[in-house]
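[1] quick check, what structure comes out for this input:
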Amino acid sequence: MSSIYEALKRARAVESSSLAAHSPAGPSRARPYRLLALAVLAGAAVTAAAIYGLGLAGPEQETARNGAAVHSAGVDPGEILELMHRADRLVQAGDLEGAAVKYREALGRAPGYTDAYLKLGEALYRLGRYDEAASTFSQGLAKRPNDARLLNNMGSVLLAKGDAAQALALFVQARRNSADYVEPLYNMACAYARMNRKDAALSSLGQAVRMQPEVKLWAARDPDLASLRGEKEFEAIVNPKE
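    Next comes the predicted model:
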């Protein structure tokens, strides 16, 4: 299963031309987080647009579009940005509990800020507090019902809780709403595999690999795909002959 956290690591890895940062053979366990990565905000101006729901052109447009208007006109977007940065630094230091407090504080000041829902839900997910993560993503979806990241992440929580069928429905919806992300497509393969629908799982996995070749590295050790191991088509996808 693919993660927002791991996807962000992949984006950084591409910049440094290194596959090691997102390899399934990472320092602890393969593909530990099942969520889709947030766009990296370019600065306070972009954050302000995201918080206040202003339109932007260019690569930052989606992040801005996914932020709903703040309920209080007196909120300083710079303060929200600083809160988010503090929370991000706590995540990097391994203090997920502390980060969750800061993300909640950001949401308290800017209840329409979608990225805060995404990052808070991610922190809770990584803490194994799936019910709280699901509640957070649900609140975000109430404001942005078609946000592919929120849909993917809610599906990830449901899959972690063992509800593969409901998770699949959300992954499919996320995929329909944004063809740019490989994570929902890969996660569809994981959900199908958990449901023992091998043909559908292999089809989705093959599409995901064609979309982003390094997907085969994630799949090689992903426990969600255990039911596919030994299948000739799976081995051909994961270990293609030169």
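[2] list the buried ones in the biggest helix by length in the chain?
    Longest helix in the chain by number of residues (criterion: DSSP state H): helix 77-92. Buried residues in helix 77-92, counted by 16 or more other C-beta atoms under 10 Å: Pro77, Ile80, Leu81, Leu83, Met84, Arg86, Ala87, Leu90, Val91. To be clear about C-beta, it is placed using only N, CA and C from the backbone, and glycine gets the same treatment.
[3] where's the dip in pLDDT among the residues you listed?
    Within the set of the buried residues of helix 77-92, pLDDT is lowest for Pro77 (84).
[4] how far away is that residue from Asp88?
    16 Å (C-beta to C-beta, to the nearest Å).
[5] likewise for Ser227?
    Applying C-beta to C-beta, the value for Ser227 to Asp88 is 36 Å.
[6] tell me which other helices or strands the strand or helix carrying Asp131 touches.
    Assessed by DSSP states H and E, Asp131 sits inside helix 130-143. Contacting helix 130-143 under the criterion 3 or more C-beta pairs under 8 Å, 6 or more residues apart in numbering; DSSP states H and E are the following elements: helix 114-126, helix 148-160.
[7] the helix or strand where Pro184 lies to helix 148-160, inter-axis angle?
    Element membership for Pro184 (DSSP H and E) is helix 183-194. Angle of helix 183-194 versus helix 148-160, following axes from the mean of the first three to the mean of the last three C-alpha atoms, to 10 degrees, is 20 degrees.
[8] who touches the helix or strand following helix 183-194?
    Counting by DSSP H and E, the next helix or strand C-terminal to helix 183-194 is helix 198-211. Helix 198-211 has contacts (C-beta atoms under 8 Å, 6 or more residues apart in numbering) with 182, 185-186, 188-190, 192-193, 215-216, 219, 225, 227-228, 231, 233-234, 237.
[9] switch the cut-off to 6 Å
    Here helix 198-211 makes contact (C-beta atoms under 6 Å, 6 or more residues apart in numbering) with Val182, Leu185, Tyr186, Met188, Ala189, Tyr192, Ala193, Val215, Lys216, Leu228, Glu233, Ile237.
[10] what's the local residue count around the closest residue to the first one other than its chain neighbours?
    Of all residues beyond its chain neighbours, the one nearest Val182 is Gln212 (4.4 Å), with distances taken as C-beta to C-beta, 6 or more residues apart in numbering. Neighbour count of Gln212, defined by other C-beta atoms under 10 Å: 17.
[11] over to the one 10 residues further on?
    Look at Asp222: counted by other C-beta under 10 Å, it has 24 neighbours.
[12] same question, Gly112
    19.
[13] measure the residue lying closest to Ser227 once chain neighbours are set aside to Tyr117 for me?
    Excluding the flanking residues, the one nearest Ser227 by C-beta to C-beta, 6+ apart is Ala193, at 5.0 Å. Separation of Ala193 from Tyr117 (C-beta to C-beta) stands at 28 Å.
[14] repeat that for Gly98.
    Taking C-beta to C-beta, one finds Gly98 at 18 Å from Tyr117.
[15] of these two, who's got more company?
    Between Gly98 and Tyr117, Tyr117 has the larger neighbour count (other C-beta under 10 Å), namely 29 against 16.
[16] pretty sure that one sits against Gly140.
    Yes - at 3.2 Å, Tyr117 counts as touching Gly140 under the criterion of C-beta atoms under 6 Å.
[17] what residue ranges in the protein score low on pLDDT?
    Where the chain drops to pLDDT under 70, the residues are 1-75, 242.
[18] neighbours of Tyr181, just the number please.
    Tyr181 has 22 neighbouring residues, counting by other C-beta under 10 Å.
[19] what does Val209 give?
    Val209 has 22 neighbouring residues, counting by other C-beta under 10 Å.
[20] just use 11 as the starting number from now, easier for me
    Yep, numbering from 11; the last one is Val219 now.
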